[in-house]
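[1] My questions are about this predicted structure, shown below with the sequence.
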Amino acid sequence: MAEKTMKSRHVLLFPFPFQGHINPMLELAAVLQSRSFSVTIFHTDYNYEAVHSAKYPSYRFITIPDRVSKLTTSSSQDHILSLMRLLNDNCTTPFLESLAQVLSELADRESYVPCLILDLHWYKINPVAKLLGVPTLVLRTGSAASLNGFIALPALYKKGILPSKAEWELEMAVEELPPMRVRDMIAVGNDPEQILNFVVLDAENARTSSGIIINTSRALEGAELDKLQNDLALPVFAVGPLHKHEKITPEAEASSTSSCSEEQEQDQICMEWLDMHPPQSVLYVSFGSLASMDPKDFTEMAWGLADSGQPFLWVVRSGSVESVPRVELALPDGFLKATHGIGKIVEWAPQRDILAHHAIGGFWTHSGWNSTVESIAEGVPMICTPFFSDQMGNTRYVSDVWKMGVELRTPLDRVEVERAVRRLMTTGDGEDMRARAGDLQGMLSECIKKEGCSYKAVDDLVVLLLSLSLSHSLCDI
């Protein structure tokens with residue numbers, strides 16, 4: 001029996017094919033591999049390049065055809081929800097076939113039936129796994145607070161709190177989810193019913209799993225994690241920040257290390273430019289892999305940065321500005337001349353390395369959860385400009401709970417941009433936020449040490465994975 005128990009150290013993972021969801025799942029894979037698990041990763045054609053096997057030679061990869069065009073470029077919340085639904089619809093049958101084949105191969109090798117860890121957004125995959133007798137856990141790549149918001153959404157609709165009907169209602173407190181206001185909820189969008197339907201499916205996916213894994217820490221969200229565990233009556237594993245765990249495998253850093261020579265060259269350019277600046281003097285600006293700005297907001301943002309006079313490193317990727325295909329076309333006339341010597345614009349940057357660089361004094365972000373956690377983990381305060389989904393709620397926590405950032409919502413105005421940048425980078429208020437960010441950084445560092453809460457959460461997760469694998473496999477002996 002002991003020998004079979006060791007053979008059970010195999011886990012299947014299925015990330016959702018958005019960059020902000022792929023990276024945490026791959027980090028989780030590295031953590032589990034460091035605990036002697038073999039790793040098999042399912043992935044779809046959409047964003048295939050983000051998980052191609054050349055970067056991760058010791059993982060097994062299985063491609064799931066999705067019939068979704070990568071040419072769709074809209075980043076509105078409603079479009080993204082439609083894309084998520086399409087991916088679920090298109091991947092269900094091919095995943096069923098692939099999973100059945102994998103299980104057959106494992107049976108031939110007299111291995112135990114593994115556990116499947118899937119992204120929370122794969123709400124149609126959980127029933128498929130159960131159909132084949134495979135236990136599941138879900139990974140929530142956002143915060144515990146945002147998942148609490150998902151669970152509470154139907155009740156808020158029933159009470160008439162959501163969807164909001166007037167501008168003044170947006171500032172109302174959501175008493176069920178302090179410190180949230182109505183405008184922080186995911187339900188604020190063009191199609192509230194579509195949002196509600198999607199969130200209900202996500203919440204059901206969580207409830208019908210064997211446990212929830214979250215890339216967060218009790219140091220950040222202790223009360224929120226307690227609420228989540230009580231409401232779901234399921235084990236909740238706060239294992240974050242995943243990218244900071246010590247890992248012993250070559251795959252450990254692969255999700256944050258580019259394999260493309262062009263991107264490696266960009267990495268070097270960014271770091272060499274930062275090396276020329278004094279400590280905490282540069283503002284890093286990046287709005288993630290999905291957010292797309294209104295051209296007017298982009299122009300106001302650019303001139304606000306220029307007028308602040310503060311050094312900045314700004315990531316402007318293709319698609320950063322709506323209906324503008326190339327970066328050089330997005331920049332307003334005269335901007336490069338006005339910022340010569342103080343600003344640098346790139347299409348790609350190694351975000352984690354940049355945030356850890358001594359020259360970085362602040363981060364202007366879209367408040368995606370990965371970016372938020374990465375910034376906290378390096379003690380960097382933030383300017384937060386959220387666009388959709390959980391980004392509004394993350395902003396609320398940064399500005400009002402952890403008090404390590406400035407909220408700056410759209411529509412942007414260059415005077416307000418200049419004021420926010422100067423406040424963060426040059427004032428005593430900014431220094432206070434930097435000090436609080438440093439305190440949280442220290443707390444997160446303690447969490448991933450051997451006696452820390454996140455390290456212990458990984459221990460507990462491993463115990464559950466082994467028990468699930470073993471109990472289901474014993475049924476087949």
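    Yep, it's here.
[2] Please make it C-alpha for all contacts and neighbour counts, starting now.
    Fine.
[3] For the stretch 51-200 of the chain, which residues score under the pLDDT cut-off?
    52-54, 69-77, 109-113, 187-190 (pLDDT under 70).
[4] And the strands in it?
    Using DSSP state E, counting those that start in this stretch, the strands of the stretch 51-200 of the chain run over residues 60-64, 115-119, 136-140.
[5] how's this protein carved up into domains?
    According to automatic domain parsing, the chain comprises the domains 2-246+450-474, 261-444.
[6] now those in CSV, with mean neighbour count?
    Below are the domains of the chain laid out as CSV (neighbours: other CA atoms under 10 Å):
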stretch, mean neighbour count
domain 2-246+450-474, 19
domain 261-444, 20
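[7] May I have stretch 419-431 exported as CSV, CA atoms only?
    The C-alpha coordinates for stretch 419-431 follow below in CSV (Å, rounded to 0.1, in the frame of the first residue of the first chain):
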residue,chain,number,x,y,z
ARG,A,419,-1.5,65.2,-8.9
ALA,A,420,-1.7,61.4,-8.3
VAL,A,421,1.8,60.7,-9.6
ARG,A,422,3.3,63.5,-7.6
ARG,A,423,1.4,62.4,-4.4
LEU,A,424,2.7,58.8,-4.7
MET,A,425,6.3,59.6,-5.7
THR,A,426,7.2,62.9,-4.0
THR,A,427,5.1,63.6,-0.9
GLY,A,428,5.0,62.4,2.7
ASP,A,429,1.7,60.8,2.0
GLY,A,430,3.4,58.7,-0.6
GLU,A,431,6.2,57.8,1.9
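[8] Can you lay out the strands of the stretch 51-200 of the chain as CSV showing distance to Leu440?
    Output for the strands of the stretch 51-200 of the chain, formatted as CSV (distance: least, CA to CA, whole Å):
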stretch, distance to Leu440
strand 60-64, 36
strand 115-119, 27
strand 136-140, 21
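[9] Could you pull up the contacting residues of His43?
    By CA atoms under 8 Å, 6 or more residues apart in numbering, the contact list for His43 reads Phe14, Pro15, Phe16, Pro17, Val51, Phe61, Ile62, Thr63, Ile64.
[10] same thing but at 10 Å, please
    13-17, 22, 50-52, 61-66, 91, 95 (CA atoms under 10 Å, 6 or more residues apart in numbering).
[11] in a helix, that's where it is, yeah?
    No - using DSSP: H, G, I helix; E, B strand; the rest coil, the assignment for His43 is strand, not a helix.
[12] so who does Gly379 touch?
    Listed by CA under 10 Å, 6+ apart, the contact partners of Gly379 are 355-356, 360-362, 373, 404, 433-442, 444.
[13] In helices only, show me those residues.
    355, 373, 433-442, 444 (DSSP state H).
[14] With only the CA atoms kept, save the host helix or strand of Ser467 in PDB.
    Assigned by DSSP states H and E, Ser467 belongs to helix 453-474. Included here for helix 453-474 are C-alpha records, laid out as PDB according to Å, rounded to 0.1, in the frame of the first residue of the first chain:
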ATOM      1  CA  CYS A 453       0.500  30.200   7.100                       C
ATOM      2  CA  SER A 454       0.800  29.900   3.300                       C
ATOM      3  CA  TYR A 455       3.500  27.200   3.600                       C
ATOM      4  CA  LYS A 456       1.300  25.300   6.000                       C
ATOM      5  CA  ALA A 457      -1.600  25.700   3.600                       C
ATOM      6  CA  VAL A 458       0.400  24.000   0.900                       C
ATOM      7  CA  ASP A 459       1.100  21.200   3.400                       C
ATOM      8  CA  ASP A 460      -2.600  20.800   4.000                       C
ATOM      9  CA  LEU A 461      -3.300  20.900   0.300                       C
ATOM     10  CA  VAL A 462      -0.900  18.100  -0.400                       C
ATOM     11  CA  VAL A 463      -2.500  16.000   2.300                       C
ATOM     12  CA  LEU A 464      -5.900  16.500   0.700                       C
ATOM     13  CA  LEU A 465      -4.600  15.800  -2.800                       C
ATOM     14  CA  LEU A 466      -3.100  12.500  -1.600                       C
ATOM     15  CA  SER A 467      -6.300  11.500   0.300                       C
ATOM     16  CA  LEU A 468      -8.500  12.300  -2.700                       C
ATOM     17  CA  SER A 469      -6.300  10.400  -5.100                       C
ATOM     18  CA  LEU A 470      -5.900   7.400  -2.800                       C
ATOM     19  CA  SER A 471      -9.600   7.200  -1.800                       C
ATOM     20  CA  HIS A 472     -10.800   7.300  -5.400                       C
ATOM     21  CA  SER A 473      -8.100   4.800  -6.500                       C
ATOM     22  CA  LEU A 474      -8.900   2.300  -3.800                       C
END
